[in-house]
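Student: Show me how the following folds:
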Amino acid sequence: MSASPTARLNIDLAALSHNYAALKRAAGSAEVAPVVKADAYGLGMAAVAPYLARQGARTFFVARLAEGLALRTLVGVDPVIYVLDGLTDPSAFAAQRLRPVLNTAEQFQLWLQGPSNVEAAVHIDTGMNRLGVRPDEVAALPDPGQHRLALVMSHLACGDEPNHPLNAQQLTAFRAAADRFPGVARSLANSPGIYLGPDYGFDLVRPGICLYGGGPFGLAHPDIQPVAHLSARVLQIRDLKAGESVGYGATFVAERDMTLATIGLGYADGLLRSFAPSGFVTVQGERRPLTGRVSMDVFTVDVTGMHVGDRTWVEVLGSSQNLDEVAAAAGTIGYEVLTRLGARVPRHYG
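Tutor: Now for the predicted structure:
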């Protein structure tokens with residue numbers, strides 16, 4: 001007997017391809033290198049990365065060494081894979097032809113002491129103040145010698161705020177620091193950075209959220225299509241009398257007689273608890289508000305006046321309510337909405 005899921009996540013590969021092509025157009029002459037860390041932002045690296053490779057992607061970025069090792073088995077020996085966390089064991093990078101992103105002077109020295117066939121990137125911290133070599137430390141880095149430095153990069157702290165003054169400050173700082181490495185390819189822009197203009201593009205851009213359906217500035221963008229379509233099934237219909245409450249904490253009390261649908265999706269599936277009370281779903285083409293709290297396995301929706309039965313599917317994320325809208329209702333960003341989607345929700349690709 002097959003299990004009947006209460007939720008499903010459909011990943012639209014045609015939309016992914018559309019977004020990749022749109023980012024290539026926006027990036028001009030710069031190479032577009034997909035970021036597939038965190039299991040391709042929760043959408044499944046095993047399906048997403050090989051698909052993007054077939055679309056022409058030649059370079060990928062991940063965060064963890066383990067992600068790089070897994071990605072190598074998925075895309076074969078040819079694509080370039082950068083690991084953002086830095087360098088730990090040079091031999092592990094050499095064995096699978098992974099490229100570390102060097103974040104400290106100590107990692108730079110460790111790289112030079114390791115196998116000469118390990119190519120690398122160096123990360124210059126131009127204002128994020130997380131990872132990276134400070135600009136005033138760049139001059140003291142030794143000459144790579146027989147080792148090939150393939151990329152110099154930095155990361156924008158406020159790229160999703162196009163008018164923030166730090167963007168221009170980081171651009172200036174990056175140009176100055178990158179001059180220390182003549183002839184080496186440069187990369188500054190993430191998804192929002194691509195849309196800040198051609199000055200930010202350099203040789204390679206590293207889109208993440210825009211590939212997966214999020215707008216570059218926290219709002220829907222006409223060139224970006226939704227990729228993730230999250231739906232959940234009605235488990236039960238219930239009539240509620242005026243004055244009755246629903247859910248944990250009795251936070252919602254009916255002001256009138258109403259009809260509720262209990263939906264088979266909860267925070268154990270990655271639906272953020274903060275999505276209530278401002279959240280909404282699309283039921284039969286109509287947006288309807290959540291009532292009460294999101295709990296571990298279910299939430300409830302006002303379906304008063306609608307003809308909704310058990311097993312009806314409602315849209316939580318997708319064409320009717322885009323990623324940025326859902327994120328705003330939950331008080332967060334699209335990155336978190338996608339990466340929180342749980343393994344209990346089956347993925348379907350097409």
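Student: who are the neighbours in contact with Ile237?
Tutor: 259-262, 303, 308-310 (C-beta atoms under 8 Å, 6 or more residues apart in numbering). To be clear about C-beta, it is placed using only N, CA and C from the backbone, and glycine gets the same treatment.
Student: does it sit in a helix, a strand or a coil?
Tutor: Using DSSP: H, G, I helix; E, B strand; the rest coil, the structure places Ile237 in strand.
Student: same check, this time on Gly249
Tutor: Classification of Gly249 by three-state DSSP places it in helix.
Student: Please report how far it lies from Arg293.
Tutor: According to C-beta to C-beta, to the nearest Å, Gly249 stands 6 Å off from Arg293.
Student: And the two? Which one has more around it.
Tutor: The residue with more neighbours, out of Gly249 and Arg293, is Arg293; 21 against 8, by other C-beta atoms under 10 Å.
Student: so that one sits right up against Ser245, yeah?
Tutor: No. If you go by C-beta atoms under 8 Å, Arg293 and Ser245 don't touch, sitting 10.8 Å apart.
Student: Please identify every residue contacting each of these two.
Tutor: By C-beta under 8 Å, 6+ apart, Arg293 and Ser245 have these common neighbours: 251-252.
Student: Name the residues of stretch 187-204 that are buried.
Tutor: Under the neighbour-count criterion of 16 or more other C-beta atoms under 10 Å, stretch 187-204 has 187-196, 200-202, 204 buried.
Student: Turn those into a markdown table, columns for secondary structure, distance to Asp89 and pLDDT.
Tutor: A markdown table is the format used below for the buried residues of stretch 187-204 (DSSP: H, G, I helix; E, B strand; the rest coil; distance: C-beta to C-beta, whole Å; pLDDT from 0 to 100):
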| residue | secondary structure | distance to Asp89 | pLDDT |
| --- | --- | --- | --- |
| Ser187 | strand | 24 | 98 |
| Leu188 | coil | 28 | 98 |
| Ala189 | coil | 30 | 98 |
| Asn190 | coil | 27 | 98 |
| Ser191 | helix | 30 | 98 |
| Pro192 | helix | 33 | 97 |
| Gly193 | helix | 31 | 97 |
| Ile194 | helix | 33 | 98 |
| Tyr195 | coil | 37 | 97 |
| Leu196 | coil | 36 | 97 |
| Tyr200 | helix | 33 | 97 |
| Gly201 | coil | 33 | 97 |
| Phe202 | coil | 30 | 98 |
| Leu204 | strand | 25 | 98 |
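Student: quick one, what contacts the residue nearest to Gly292 when sequence neighbours are not counted?
Tutor: Computed as C-beta to C-beta, 6 or more residues apart in numbering, the closest residue to Gly292 that is not its neighbour in sequence is Gly247, at 2.9 Å. By C-beta under 8 Å, 6+ apart, Gly247 lies in contact with 291-293, 295, 300.
Student: so where's the protein uncertain?
Tutor: Scanning the chain with the threshold set as pLDDT under 70 gives 1-3.
Student: how's it carved up into domains?
Tutor: The record's domain parsing of the chain by automatic domain parsing lists 13-205, 228-349.
Student: With Pro5 as the reference, name the closest of those.
Tutor: Set against Pro5 and scored by C-beta to C-beta, those come closest in domain 228-349, at 5.4 Å.
Student: okay, how far is it across the closest one, tip to tip?
Tutor: One end of domain 228-349 to the other measures 10 Å (C-alpha to C-alpha, to the nearest Å).
Student: rewinding a little: which of the buried residues of stretch 187-204 sits closest to Ala120?
Tutor: Closest to Ala120, out of all of the buried residues of stretch 187-204 and judged by C-beta to C-beta, is Ser187, at 13.1 Å.
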